[in-house]
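> Quick one: sequence and predicted model below, then my questions.
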Amino acid sequence: MKKGFFITLEGGDGCGKSTQCKMLLDFLKQNNINFIMTREPGGSEAAEEIRNIILSGNKEKWDSISETLLFSAARRSHLVDKIWPAIEQGKWVISDRFADSTMAYQGYGRGDGLLTKNDIETLYKLVAGDFKPDLTIILDMEPKEALQRVAQRGAKDRMEGMDLSFHYNLRNAFLDIAKKEPTRCAVINANQDPVNVHNDIIKVIQERLLKC
Ligand code: TMP
């Protein structure tokens, strides 16, 4: 059986990822594509438990090492229990965030000097081996505007409570990741009407995955 594709959506807080995941879900349904939609941190039962532990509480709760270990444990469970079996069954797997978020948030964003980017790559290899997404959509926008959207939404989680410089680091991190892996990553301007963002995403999927 032909394996399914693994697509991840990434970006800073407030970039519109959840809206785009919903629009993508409708597109996949309309096109009769067999898929599952999932998210990180979380996605499997055990990983959702870890999600609650990581995202609640004050922003000093974990340092970058503890945080990365928790995200990695959740990712391992998500891969083993959900992502890999679905791909083997020929399903497309769409994940709202994946490993680039760890590199961006814990590697570049936190900047507490406890963890190198190499450490994060090593940990990823342990968790996932050579497995990588077939396509990563990076939703890019000015952090100030993105955080205004978050403020309108109401309560902030631990990451959203970080200061503005943290969010500028994040944006640079995602752009850096895309520059290093242009075949896997596509940067989409998220500061436009959601329908236009959706159309840009579909164009990339058609060009990179469906034409092969
Ligand atoms: P969400 O708001 O997109 O559901 O993501 C939850 C938060 O977790 C978000 O602020 C990004 C953060 N995060 C990390 O810091 N590292 C990671 O590896 C992942 C997957 C998410």
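On my side now, so go ahead. Numbers count the residues shown, from 1 in each chain.

> Name the surrounding residues that touch the helix or strand of the chain with the lowest mean pLDDT.
Every helix and strand of the chain was ranked by mean pLDDT, DSSP states H and E. The lowest is helix 143-153, at a mean of 87. Identification of contacts with helix 143-153 by CB atoms under 8 Å, 6 or more residues apart in numbering yields 12-16, 156, 160, 164, 167-168, 170-171, 190-191. Where you see a C-beta, it was placed from the backbone N, CA and C, and this is true even at glycine.

> Please report how far K59 lies from the ligand.
11 Å (CB to the nearest ligand atom, to the nearest Å).

> Quick check, that residue in contact with M162.
Yes. Applying CB atoms under 8 Å as the test, K59 and M162 come out as touching, 6.2 Å apart.

> the strands in the protein, which residues?
Along the chain, counting by DSSP state E, strands occupy 6-11, 35-39, 92-96, 135-140, 185-189.

> With distance to V195 and mean neighbour count as extra columns, can I get these in JSON lines?
Below are the strands of the chain laid out as JSON lines (distance: least, CB to CB, whole Å; neighbours: other CB atoms under 10 Å):
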{"stretch": "strand 6-11", "distance to V195": "16", "mean neighbour count": "25"}
{"stretch": "strand 35-39", "distance to V195": "19", "mean neighbour count": "18"}
{"stretch": "strand 92-96", "distance to V195": "19", "mean neighbour count": "23"}
{"stretch": "strand 135-140", "distance to V195": "14", "mean neighbour count": "22"}
{"stretch": "strand 185-189", "distance to V195": "13", "mean neighbour count": "19"}
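
> Now tabulate these in a markdown table and tack on mean pLDDT.
Below are the strands of the chain laid out as a markdown table (pLDDT from 0 to 100):
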| stretch | mean pLDDT |
| --- | --- |
| strand 6-11 | 98 |
| strand 35-39 | 98 |
| strand 92-96 | 98 |
| strand 135-140 | 98 |
| strand 185-189 | 98 |
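
> Pipe these into JSON lines and attach distance to R208 per row.
Listed next are the strands of the chain as JSON lines, based on distance: least, CB to CB, whole Å:
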{"stretch": "strand 6-11", "distance to R208": "10"}
{"stretch": "strand 35-39", "distance to R208": "16"}
{"stretch": "strand 92-96", "distance to R208": "13"}
{"stretch": "strand 135-140", "distance to R208": "6"}
{"stretch": "strand 185-189", "distance to R208": "7"}
